[in-house]
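Novice: Structural data only, the sequence is not supplied:
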């Protein structure tokens, strides 16, 4: 297991003097695209808000606005 704080951000930032360069910031989280810092998460790069992490102290909270028994077709 790779420690979260030991792996730098792997976001490709381009070539400088013919060398491939990467962000390299820490700490990171692991996504399907690799380890990313807060600036380079997939949601940030897509211009969307981050998905909030569940609070382990409060547990998962599910809210249902209107219980239905039938499928409503428009």
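Specialist: Alright, I've got the coordinates. Everything numeric here is computed off the predicted structure, so don't read it as measured data.

Novice: alpha carbons only for contacts and neighbour counts from here, please
Specialist: OK.

Novice: Quick check: residue 39 vs residue 18, distance?
Specialist: 24 Å (Cα to Cα, to the nearest Å).

Novice: of the two, who's got more company?
Specialist: residue 39 (14 against 7; other Cα atoms under 10 Å).

Novice: contacting residues around that one?
Specialist: Contacts were defined as Cα atoms under 8 Å, 6 or more residues apart in numbering; by that measure residue 39 touches residue 45.

Novice: a helix runs through it, doesn't it?
Specialist: Yes. Using DSSP: H, G, I helix; E, B strand; the rest coil, the assignment for residue 39 is a helix.

Novice: can you start the count at 8 instead of 1 from here on
Specialist: Sounds good: first residue 8 from here, last item residue 46.

Novice: Quick one, grab the pLDDT at it.
Specialist: pLDDT for residue 46: 92.

Novice: ok, it to residue 26 distance?
Specialist: 22 Å.

Novice: do the same with residue 56
Specialist: Applying Cα to Cα to residue 56 and residue 26 gives a distance of 32 Å.

Novice: got it, and residue 48?
Specialist: Distance from residue 48 to residue 26, counting by Cα to Cα: 23 Å.
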